[in-house]
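**Student:** Below are the sequence and a predicted model; questions follow.
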Amino acid sequence: MTALSSSSCRILVIGGTGMIGQHLVKASLAAGHPTAVLVRPASVAAKATLVEAFKARGANIVYGDIDDEQGLLAAVKEADVVISAVGHTSPEEVLSQLKIVAAIHKAGNIKRFVPSEYGCDVEVAAEQMLEPARSILGAKVRVREALQAAGVPHTIVCSYWSQGFLLPRAGNPEADGPPRTTATIFGDGQVQGFFVHETDMSRVAIKAVQDPRTLNKILHVRPPSNLCSLNHLVSLWENKTGKILQKQYVAEQELRNKVRESPFPLNLQLAIVHATLVVGQAGHTKHQKKKKLADVEATQLYPDMSYITVQDCLDALHI
């Protein structure tokens, strides 16, 4: 059972106007799938340009909210695949996906559900994170457990760090742009993590929804060329600008203090940096904890797919 279906399927994207969701919508449309986007009426004004762009590319805009049980159920019944890109500003927002799981279970027609994850593998990382990341990732674990208990066919996409957020800041969530004279490096700067462009993550996700090899599996997006440490990232910035940056190293305990003292969402971002790029507990290494779901690798399933590298991403940035 290795062949991919070449036919199109009806895809419903929930949270499609967000930072990750819009890439998923574009990837679905580019792949030729009839694509619907569930948009809250209250957010239309703020997202008007993006919504009109979706319409121009052929997306069907469905006005509704996951809190509207009947409206959500009606939207789900018109799809073959549901992809969630809801935000993660709180455990409660993550757990709102339980309403999607319930609607899918009730509808009984969905062939695949992709919950909103797209970061590190929460099954092995949640307990090791500092707060507030621990609670938010813990909520993602609960969503996984709920969809398994409901028998909802699913694929979990783990694509680790999004290139668009951390790379322009040279690995520092506190920065408001590229480093000019000083680069902040957390820990010793040697721990490596994966940085995957949102476009590539979305292309993989759209491939996976019709792939029997990813059914009820965790799909990791870990191209070896996208593995990078904070030290190497700063070095790439120096090569790009032709300037040597002053390095300011932040020890792990100092970073822990920053996480505890910072407001949201900076504390969440720093907590994930701590786990993935300082202590390395939630990165690409193997873990001893027995997992509930099997793993598959995107680079092995789709060997002909090329990825935007860290260097590619930096080359495209204007400074």
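**Tutor:** Nice, thanks for sending it over.
**Student:** if I look at the residue nearest to the spatial centre of the chain, how far off is Q148?
**Tutor:** Nearest to the geometric centre of the chain sits Y118, at 2.4 Å (C-alpha atoms, centre = their mean). Distance, Y118 to Q148, by C-beta to C-beta, to the nearest Å: 19 Å. Quick note: C-beta positions are derived from backbone N, CA and C, even for glycine.
**Student:** what about the residue nearest to the centre of the chain, is that helix, strand or coil?
**Tutor:** Secondary structure state of Y118, per DSSP: H, G, I helix; E, B strand; the rest coil, is coil.
**Student:** Without its sequence neighbours, what residue ends up closest to it?
**Tutor:** Nearest non-adjacent residue to Y118, counting by C-beta to C-beta, 6 or more residues apart in numbering: S159, 5.1 Å away.
**Student:** In this structure that neighbour contacts D121, no?
**Tutor:** No. S159 is beyond contact range of D121, at 10.3 Å (criterion: C-beta atoms under 8 Å).
**Student:** who touches both of the two?
**Tutor:** Shared contacts of S159 and D121 (C-beta atoms under 8 Å, 6 or more residues apart in numbering): H220.
**Student:** between those two, who's got more neighbours?
**Tutor:** Using other C-beta atoms under 10 Å, the more surrounded residue of S159 and D121 is S159, with 27 against 22.
**Student:** Need the pLDDT of S5.
**Tutor:** Confidence at S5, expressed as pLDDT, is 55.
**Student:** Please apply the same query to the one 10 residues further on.
**Tutor:** According to the prediction, G15 has pLDDT 96.
**Student:** and the nearest residue to Y63 once chain neighbours are set aside, what does it touch?
**Tutor:** Excluding the flanking residues, the one nearest Y63 by C-beta to C-beta, 6+ apart is P41, at 5.1 Å. By C-beta under 8 Å, 6+ apart, P41 lies in contact with Y63, G64, D65.
**Student:** Neighbour count, distance to V221 and secondary structure added to these, as TSV?
**Tutor:** Compiled in TSV, the contacts of P41 are given as follows (neighbours: other C-beta atoms under 10 Å; distance: C-beta to C-beta, whole Å; DSSP: H, G, I helix; E, B strand; the rest coil):
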residue	neighbour count	distance to V221	secondary structure
Y63	16	32	strand
G64	17	30	coil
D65	17	30	coil
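**Student:** Can you lay out these as JSON lines showing pLDDT and distance to V141?
**Tutor:** As requested, the contacts of P41 are exported to JSON lines (pLDDT from 0 to 100; distance: C-beta to C-beta, whole Å):
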{"residue": "Y63", "pLDDT": "94", "distance to V141": "31"}
{"residue": "G64", "pLDDT": "93", "distance to V141": "27"}
{"residue": "D65", "pLDDT": "92", "distance to V141": "25"}
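**Student:** Which of those sits closest to V76?
**Tutor:** Nearest to V76 among those is G64, at 10.4 Å by C-beta to C-beta.
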